[in-house]
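Undergrad: Predicted model and sequence below, questions to follow.
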Amino acid sequence: VQLVESGGGLVQTGGSLRLSCVNSGGGFSFDEMGWYRQNPGKERESVATITHSGETNYADFVKGRFTISKNIAGNTLYLQLNNLSPEDTAVYYCNAVVWTNKGWTRYRRDYWGQGTQVTVPS
């Protein structure tokens, strides 16, 4: 598994960007995928997630501005960001989760991309 993000950049307040995340390793099915973001000195926070079946979940601060989606094969993840503000400035990371069962124990394995910078000047 190798997650590779793209699509970040500098955009003015109110602008839009579309982030993409490709699993260049291919041939892998994830139970859940998502986008997280982080600023220096702060904890990484969840932005949006999508399950294998397509159920989505968004952070409250998204407020209908962002849309998470994936392609049919499930190996490419997208995040459409609209109406961006300076508070959205961060490094955005792609995340993929695989759950495995061993006996009575359930294990979670996370995969992360290298991140893509989104900058909205104030």
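TA: Cool, got the structure.

Undergrad: Let's see the pLDDT reported for residue 27.
TA: Per-residue confidence (pLDDT) for residue 27: 64.

Undergrad: Kindly apply the preceding question to residue 43 instead.
TA: At residue 43, pLDDT is 96.

Undergrad: and it, backbone torsions?
TA: Note on residue 43: backbone dihedrals following degrees, to the nearest 10 are phi -80, psi 150.

Undergrad: so how far is residue 45 from the residue most central in space within the chain?
TA: Nearest to the geometric centre of the chain sits residue 35, at 1.6 Å (CA atoms, centre = their mean). According to CB to CB, to the nearest Å, residue 35 and residue 45 sit 10 Å apart. Just so you know, the C-beta spots here come from the backbone N, C-alpha and C atoms, and that holds for glycine as well.

Undergrad: Would you mind identifying the next helix or strand past the host helix or strand of residue 101?
TA: Counting by DSSP states H and E, the element that carries residue 101 is strand 90-102. Per DSSP H and E, the first helix or strand lying C-terminal to strand 90-102 is strand 105-112.

Undergrad: That following strand pairs with which strands?
TA: Using DSSP bridges, strand 105-112 pairs in its sheet with strand 90-102 (antiparallel).

Undergrad: Pull out the buried positions in the partner strand.
TA: 90, 91, 92, 93, 94, 95, 96, 97 (16 or more other CB atoms under 10 Å).

Undergrad: is it true that residue 52 touches residue 74?
TA: Yes. Contact criterion CB atoms under 8 Å: residue 52 and residue 74 qualify, at 7.0 Å.

Undergrad: hey, what's in contact with both of these two?
TA: Both residue 52 and residue 74 are contacted by 29, 30, under the criterion CB atoms under 8 Å, 6 or more residues apart in numbering.

Undergrad: chain center to stretch 97-110: distance?
TA: Computed by CA atoms, centre = their mean, to the nearest Å, the chain-centroid distance of stretch 97-110 equals 21 Å.
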